[in-house]
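In: With the input below, show me the fold.
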Amino acid sequence: MARRHQARRQERGLARNPQTSEGRPVKRALLAALVGTCLLGLSACSSLEKRPAPLLQVAEGDIHLNGRLSIQVNNTANGRPTGGNVGFDLNGRPAAGQLELSTPLGSLLARATWGDGEVRLKTPEMDRSFEDLDALTRELLGEAIPVAALFDWLQGRPWPQMSSSALEGKNTQGFEQLGWRIDTSRFDAVAKQGLIIATRGPYLADPAVVLRARIEP
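Out: Numbering: from 1, shown residues only. Below you'll find the model as predicted:
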């Protein structure tokens with residue numbers, strides 16, 4: 001009987017403080033909050049000053065990708081998706097680079113930079129360092145995104161540092177890697193433009209994540 005009452009108290013506690021299936025507190029992605037503020041046209045909406053891409057382009061293997069990016073994190077506890085829809089500009093390489101995110105109107109919302117053992121995120125309200133890119137993307141987007149692999153994924157190919165397998169099925173193009181399913185069926189690898197859809201989960205301890213990137217020439 002005592003155990004039954006204790007279980008009921010725990011259920012009531014979870015109802016007051018929703019959590020994910022792994023016990024992590026539900027947290028709205030920083031990007032979603034920034035985008036929401038700007039789309040509402042609030043006076044509090046401000047933007048960063050744009051600056052030239054960092055001087056990393058001379059190194060062999062550096063790339064420049066840009067387009068539109070959306071991410072949806074489906075939290076299984078409260079059923080509310082989190083994330084944002086932004087323009088992106090990705091420069092550099094996994095070891096050193098820069099990612100800028102902006103509103104549909106061009107206001108620069110966030111700039112992430114990494115290299116020389118430092119990972120930083122700057123927004124109109126903060127300038128903060130992080131332990132690694134996983135921690136940064138979790139704060140910004142709501143879930144950790146494998147940025148090192150993203151450089152290759154957004155070019156329609158697997159990250160060569162890890163194993164991958166081709167997707168199976170009729171009219172299906174793409175691959176699976178790092179627990180993610182990368183759909184390249186609407187991406188033109190020759191023209192290097194089109195839509196990349198990356199999905200993960202849901203798994204027991206992780207919510208479902210859908211990342212859509214439309215690469216522009």
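In: In the protein, where is pLDDT below threshold?
Out: Along the chain, segments meeting pLDDT under 70 span 1-46, 51-59, 75-84, 203-205.
In: ranges for the helices of it?
Out: Counting by DSSP state H, one finds helices in the chain at the ranges 2-16, 30-39, 133-141, 147-153.
In: measure stretch 183-200 end to end?
Out: 11 Å (Cα to Cα, to the nearest Å).
In: Can you give the contact residues for that stretch?
Out: 67, 153-157, 167, 171-175, 179-182, 206, 208-217 (Cβ atoms under 8 Å, 6 or more residues apart in numbering). All C-beta atoms are positioned from the backbone trio N, CA, C, and that covers glycine.
In: Show me those that map onto strands.
Out: If you go by DSSP state E, these have 67, 174-175, 180-182, 208-215 in strands.
In: among the residues you listed, who's most crowded?
Out: For these, neighbours were counted using other Cβ atoms under 10 Å, and Ile182 has the most, 26 neighbours in all.
In: That one contacts Gly174, doesn't it?
Out: Yes. With contact defined as Cβ atoms under 8 Å, Ile182 counts as touching Gly174 (4.8 Å).
In: what residues are shared contacts of the two?
Out: Where contact means Cβ under 8 Å, 6+ apart, the residues bridging Ile182 and Gly174 through contact with each are Leu167.
In: any idea how far Asp206 lies from Asp152?
Out: Taken as Cβ to Cβ, to the nearest Å, the spacing of Asp206 relative to Asp152 amounts to 22 Å.
In: same deal with Glu168?
Out: Here the criterion is Cβ to Cβ. By it, Glu168 lies 21 Å from Asp152.
In: got it, and Thr137?
Out: When distance is defined by Cβ to Cβ, Thr137 is 16 Å away from Asp152.
In: more neighbours, the two?
Out: More neighbours surround Thr137 than the other of Thr137 and Asp152, with 24 against 19 (other Cβ under 10 Å).
In: Give me the spatial nearest neighbour of that one, chain neighbours excluded.
Out: Once its chain neighbours are removed from consideration, Thr137 has its nearest residue in Ile145; the separation is 4.3 Å (Cβ to Cβ, 6 or more residues apart in numbering).
In: Surely that neighbour and Ala135 touch.
Out: No. Counting by Cβ under 8 Å, Ala135 is not a contact partner of Ile145; they are 11.2 Å apart.
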